[in-house]
Structure formats: C-alpha cells, structure tokens
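**Q** Make a model of this:
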Amino acid sequence: MDFSIDTISSFITLYSFRIVSAIVIFYVGKKVASIVTSVIVKMMAKSKVDVTLSKFLENIVYGLLIVVVVLTALNTLGVNTTSFVAVLAAAGFAIGLAFKDTVANIGAGVLLVFFRPFKVGDFIQAAGESGIVEEINLFSVIMKTVDNKEIIIPNSSIIGGNITNFSAKTTRRVDFVFGIGYDDDLKLAKATLQEIIDSDERVLKEPATFVAVSELADSSVNFVVRAWVNSSDYWGVYFDTIEKVKLTFDEKNISIPYPQMDIHSKN
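**A** Coordinates of the predicted model:
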C-alpha cells in the first residue's frame, strides 16, 4: 500500500496532536483530581468526619477520578475504552471474590466509623469478647482485656453481632441480690442494706436507691438492691458493697444462708 507524503504528514500530525492532547488531559486531570479530593477532605474535616473514614474515602475518590482521567486520555488517543471498562469490571469482580472477607471487613469498618456505636477508650462487649477499645481501623478492632491481653477482632465479626457499650452512658445501675435466713429480722436486714447504700458517697441520690424483698426462696429471703452510680465507679461500688454487707451482717447477727434442705422423719 502506497502512502503519499501528504498522507503520512497528516497521519503524523493527527496522532501527534492526539498524543499531546492525551498527555495534557492526563496531566491536567491528575491535578484536578488532587484538587477535588483535597476539597472533599476539607469538607469532611469541617463536618468532623472520623479520620479513618475520611482517609478511606479520600483514597476511593482519588482512585475513581484517576481512572476517569486515564480512560479519557485513552479515548483521546483513539483507543476503544469500552473494552477497558469491561476488563476493569471483570477484574474488580474477580478481586472482590478473591478478597471477599477483606472487602467485608472494610465495609464493616466503614459502618463502625460512620455510625460510631463505640469509640476508642470505651469498654465494650462484642463478638464474645470484652475489653477497652484501643484502635478502630478498616479491617479490625483492637481491644485490651481487663487482664491486659490484646484481642484483634475482624470488623465483620463485630458488626454482625450484638454490641454492648458499657461506656456509652455516664451513669449505670448496680444490681445486687442478698439473701437472709427465714429466722432473721427482715426489717433490720432491710434497714441495714439501705444504710450501707446511703453511706457510700459514690452512690447517686437521683435516681433514688431501691431496696425490697424480691423472693421467698427455698433457703433464704432475698432482697434486691439497686443503686445508680457514675460509670467509672461501677466496679468499686459493686465489690465494696458486697464486702460491707457481709461484715455488717456478721456484726448484727444476720445470717446469709447457703442452700440447704430440712429432712423430717417419722417413726
């Protein structure tokens, strides 16, 4: 096939223009993508979006914009980008299948950061574990147990079950059940329990404490005691009250019965 000089010159001119245009589109598009991403990040910062979620969205937005820029540059060169889109879609589907657990953890991480059922420093129970949250990332939640063990739980396990946040509220109710013998003075026991609770300065005046007979059990008369405290004082009040009740009951000769059975025989 013969090509005239004019044809070759036109071909070179055309493709030189396309190449230059593609380079310009890519360079300018990349700058625009950076500016747009920066603006979005600043908007999220003003809206006080969590840093972890903000960083994740920043990478996603910038990546999508770069893909658009590259496809536009290729289209300017005369390359049929339809096939590239199909290849990218197929590759994305394959990657999603191969890393479905990772993708699930990332999605769960976004939900945790966005809805914020707990934050770093909270004491929670989730996925069968309890501890203080030390870190929340896009793949897992890192907790420290009360005996100083580190637990790393995948986000999908966290979001897929119940989450109990013990630090979400500023106050908590401490519940006790104390039993006395059937032969003991019920009114004295009730007054003693009320006195013990009222003498603890950590117990809040509002809501008021509650002391009442809750059950006539097989071996004991049971009292239920309910007191409200600041969340940070919960365990201190819990353990101290149990100790005070035992010592005070001993002083006042109020028995704390253990399970027993009376057997009567007839001749």
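
**Q** How about the secondary structure of Asp184?
**A** Under DSSP: H, G, I helix; E, B strand; the rest coil, the three-state class of Asp184 is coil.

**Q** Name the SS class of the closest residue to it other than its chain neighbours, please.
**A** Spatially, and ignoring its direct neighbours in sequence, Asp184 is nearest to Ile254 (5.1 Å; Cβ to Cβ, 6 or more residues apart in numbering). For every residue, glycine as well, the C-beta is placed using N, CA and C. Here Ile254 is recorded as coil under three-state DSSP.

**Q** Give me the phi and psi for Ile254.
**A** phi -100, psi 120 (degrees, to the nearest 10).

**Q** Pull the number of nearby residues for it.
**A** Ile254 has 19 neighbouring residues, counting by other Cβ atoms under 10 Å.

**Q** can you check the one 4 residues further on too?
**A** Using other Cβ under 10 Å, Tyr258 has 8 other residues around it.

**Q** I'd guessed it sits against Ser219; true?
**A** Yes - contact criterion Cβ atoms under 8 Å: Tyr258 and Ser219 qualify, at 7.1 Å.

**Q** Between these two, which contacts overlap?
**A** Common contact partners of Tyr258 and Ser219 (Cβ atoms under 8 Å, 6 or more residues apart in numbering): none.

**Q** what about the helices in the stretch 101-250 of the chain?
**A** Counting by DSSP state H, counting those that start in this stretch, the stretch 101-250 of the chain has helices at residues 155-159, 186-199, 234-251.

**Q** Between those, which has the poorest mean confidence score?
**A** Comparing mean pLDDT across the helices of the stretch 101-250 of the chain, the weakest is helix 155-159, with a mean of 90.

**Q** neighbouring contacts of it?
**A** So helix 155-159 is contacted by 101, 104-109, 111-112, 126-127, 138-141 (Cβ under 8 Å, 6+ apart).

**Q** Among the residues you listed, which lie within strands?
**A** Of the contacts of helix 155-159, the ones assigned to strands by DSSP state E are Ala126, Ser140, Val141.

**Q** Most neighbours out of these, which is it?
**A** Tallying neighbours with other Cβ under 10 Å puts Val141 at the head of the ones in strands among the contacts of helix 155-159, with 27 neighbours.

**Q** related to what we said a few turns ago, correct me if wrong: the residue nearest to Asp184 contacts Asp185.
**A** Yes - counting by Cβ under 8 Å, Ile254 does reach Asp185; the two are 7.2 Å apart.

**Q** Cheers, nothing more for now.
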